[in-house]
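Q: coordinates for the following, if possible.
(one chain, ligands or ions: 3)
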Amino acid sequence: MFNKINALYFSGTGTTRKVVLYLVESLTAKIEEPVERINIDFSLPEARIQSPCFTEKDLVIVGIPVYAGRVPNILLKYLNSVKGNGAQAVAVVLYGNRNFDDSLIELTDILSNNSFKVVAAGAFIGEHSFSKILAQGRPDKDDMKEVENFARDIYGKINRSTYFHELLVSGQKPYRNYYQPKDRLDNSFDFRVISPHTKKDVCIDCKNCAEICPVGSISYDDTSVMNGICIKCCACIKGCPVEAKYFDNENYKKHQHDLEKIYTERLEPETFI
Ligand SMILES: Cc1cc2nc3c(=O)[nH]c(=O)nc-3n(C[C@H](O)[C@H](O)[C@H](O)COP(=O)(O)O)c2cc1C
Ligand code: SF4
Ligand code: SF4
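A: Ligands and ions are numbered 1, 2, ... in the order given. Okay, here's the model as predicted:
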């Protein structure tokens, strides 16, 4: 049995954080022996400089958002450097009600390759980063109930098992290519070049966007200036207290509109034990 339970997550707009932390809380509540809780949030660049090292005494809940149906490629270097050393892990992905495609199987593989024993995996739904109406307000009360059920199942499995069979997770191998949005002529377009703009007359210069950008690309001195890449995580858009940040790229707006129009049917969390 473990004596440390770790939350290890990246979260641009907070939905992954919410699910991972509630899973940790729900699991901790089930354990009678004293257990230490550790929080490793690797959303900011400085948190990704050092790689954590775990042992057999750790249970690690690893959470990431789904980007283009996969593990965000910006996180691969960091995730591949985390050392499991026999620790047990739970893989968690959050997606915006389109599809989690091969992200969960990819995360599970990364963890297994890093010497984690992956006990369980789950895909949960979070409000889509690009939208305020697609999967609005999720994870909600019903999702959190599913998190509690997931904690119950994980606890049951850990208590009963002396060894783990290979976990079967939905997704395919080789993994599908990164999902590509389409422009008005139904052609793929280069999403990477798009970055947010700032309504200078609205901005109150609170610096929040510069402090929370996961790739450190918003200039602190002038927050309307980008000094690096944008991964479209929308942390600055949703985290601005006065809604001064926005995307005005036509292809981005079309993609946002398509998502909001097509993926209206509520999807439910899926867990694998
Ligand atoms: C660049 C990017 C790509 C995304 N791709 C997908 C996707 O392929 N499928 C999906 O359902 N949601 C997708 N989303 C939505 C996020 O996975 C979802 O909103 C998630 O809850 C965000 O997690 P966070 O709040 O921890 O940042 C994408 C979001 C971003 C920023
Ligand atoms: S978070 Fe919004 S108000 Fe604050 S500095 Fe950034 S753009 Fe300006
Ligand atoms: S500038 Fe891009 S990468 Fe940085 S917080 Fe905003 S959307 Fe995310």
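Q: surely residue 96 touches residue 259?
A: Yes: checked against CB atoms under 8 Å, the pair residue 96 and residue 259 is within contact range at 7.4 Å. From N, CA and C alone the C-beta is placed, and that goes for glycine too.
Q: what do those two both touch?
A: By CB atoms under 8 Å, 6 or more residues apart in numbering, residue 96 and residue 259 have these common neighbours: 128, 130-131, 134.
Q: would you mind giving these as TSV with secondary structure, neighbour count and pLDDT added?
A: Rendered in TSV, the data for the shared contacts of residue 96 and residue 259 read as follows (DSSP: H, G, I helix; E, B strand; the rest coil; neighbours: other CB atoms under 10 Å; pLDDT from 0 to 100):
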residue	secondary structure	neighbour count	pLDDT
128	coil	24	98
130	coil	22	98
131	coil	17	98
134	coil	21	98
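Q: more neighbours: residue 96 and residue 259, which one.
A: residue 96 (24 against 20; other CB atoms under 10 Å).
Q: let me see the ranges of the helices in the stretch 151-273 of the chain.
A: Under the criterion DSSP state H, counting those that start in this stretch, the stretch 151-273 of the chain carries helices at the ranges 208-212, 235-239, 250-262.
Q: dump the residue contacts of the residue of the stretch 51-200 of the chain found nearest ligand 3.
A: Of the residues in the stretch 51-200 of the chain, the one nearest ligand 3 is residue 196, at a distance of 5.2 Å by CB to the nearest ligand atom. Neighbour list for residue 196: 226, 230, 236-237, 245-247 [criterion: CB under 8 Å, 6+ apart].
Q: count of residues packed around the residue of the chain at minimum distance from ligand 1?
A: Ranking the residues of the chain by distance to ligand 1 (CB to the nearest ligand atom) places residue 126 first, at 2.4 Å. Applying the criterion other CB under 10 Å, we find 26 residues in the vicinity of residue 126.
Q: touching, residue 246 and residue 194? I think so.
A: No: if you go by CB under 8 Å, residue 246 and residue 194 don't touch, sitting 11.6 Å apart.
Q: contacts for the helix or strand containing residue 148, please.
A: Secondary-structure assignment from DSSP states H and E places residue 148 in helix 141-160. Surrounding helix 141-160, the residues in contact under the criterion CB under 8 Å, 6+ apart are 1, 19, 22-23, 26-27, 29-31, 59, 88, 90, 119-120, 122, 124-125, 139, 268-269, 271, 273.
Q: rerun at 7 Å
A: Helix 141-160 is contacted from outside by 19, 22-23, 26-27, 30, 88, 90, 119-120, 122, 124-125, 269, 271, 273, using CB atoms under 7 Å, 6 or more residues apart in numbering.
Q: how about the strands in this protein?
A: For the chain, the strands defined by DSSP state E occupy 4-9, 36-41, 58-65, 88-95, 117-125, 197-198, 245-246, 270-272.
Q: from memory residue 42 sits against residue 79, does it?
A: No: counting by CB atoms under 7 Å, no contact exists between residue 42 and residue 79, whose distance comes to 8.8 Å.
Q: which positions within stretch 50-62 qualify as buried?
A: By neighbour count, with 16 or more other CB atoms under 10 Å as the criterion, the buried positions of stretch 50-62 are 52, 54, 58-62.
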